[in-house]
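In: dropping a prediction and its sequence here:
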Amino acid sequence: MAGNSLLQSDDVQLSEIRGATTRTLLLSKKIRDLDVDRVFLQIGGNEIGPTSDPDDIVSDICDVVAMFVEKVCRVIVGSLFQRYRPRHMSPEKYEIQRTRINTRLCELFKTEDNVTFWKLRGLQHLTAAAFKDGVQLTQTLETRYARKLKLALNRSQMK
């Protein structure tokens, strides 16, 4: 991630698994063994496909969140990004599922003490030019995303 240098510090661990799914995270010993007090999860987009059910994806995301909440960890769940080249489906169909998932996660975590749903303010309505390949952000936007992520992590520390 281009913004890594903005995030990397003695008190920030970066664990990025490109292409991973929520199931991958639940099965990953590296992720399960993380000893952190705050975690930011940007997950769920890789699960969206032509036959996926948004409710199942939300349930899987909630399982990952629960894994960290059980460790008395503050969890921030990032809303899912748009995709202009989703796998095996049109961008419009991807967008329908993405919107349902984001809406449901926002509702679910509204009343949770240790969980925050983070909307991608300023990064919600991006054009295709914002993505290198229709999926991954350009370096400029990754840097902007990293700055916003750092703010979200700092705010969560205050709660």
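Out: Received the coordinates, thanks. Numbering: from 1, shown residues only.
In: phi and psi next, for L137.
Out: phi -70, psi 150 (degrees, to the nearest 10).
In: isn't it up against K148?
Out: No. Applying CB atoms under 8 Å, one finds L137 not in contact with K148, separated by 11.6 Å. Bear in mind the C-beta positions are built from the backbone N, C-alpha and C, glycine included.
In: between these two, who's got more neighbours?
Out: Neighbours were tallied for L137 and for K148 using other CB atoms under 10 Å; the higher tally belongs to L137 (21 against 17).
In: so what's that one scoring on pLDDT?
Out: For L137, the model assigns a pLDDT of 74.
In: likewise L108?
Out: 97.
In: next: W118.
Out: According to the prediction, W118 has pLDDT 89.
In: residue contacts, it?
Out: F40, I76, V77, G78, S79, A152 (CB atoms under 8 Å, 6 or more residues apart in numbering).
In: swap in S28?
Out: I17, A20.
In: quick check, pLDDT for it.
Out: For S28, the model assigns a pLDDT of 90.
In: my read: G19 touches N46, true?
Out: Yes. The pair G19 and N46 passes the contact test of CB under 8 Å, sitting 6.2 Å apart.
In: so what secondary structure elements neighbour the host helix or strand of R23?
Out: Assigned by DSSP states H and E, R23 belongs to helix 22-27. Applying 3 or more CB pairs under 8 Å, 6 or more residues apart in numbering; DSSP states H and E, we find helix 22-27 packed against helix 54-69.
In: what strands flank the helix or strand just after the helix it packs on, and is each parallel or antiparallel?
Out: Moving toward the C-terminus from helix 54-69, the next helix or strand (DSSP H and E) is strand 74-78. Sheet pairing of strand 74-78 (DSSP bridges) gives strand 38-41 (parallel), strand 115-118 (parallel).
In: may I have the last one exported as PDB, CA atoms only?
Out: This file holds the C-alpha atoms of strand 115-118, laid out as PDB (Å, rounded to 0.1, in the frame of the first residue of the first chain):
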ATOM      1  CA  VAL A 115     -17.100  -1.300  17.000                       C
ATOM      2  CA  THR A 116     -17.300   1.600  14.600                       C
ATOM      3  CA  PHE A 117     -18.400   1.500  11.000                       C
ATOM      4  CA  TRP A 118     -16.100   4.000   9.100                       C
END
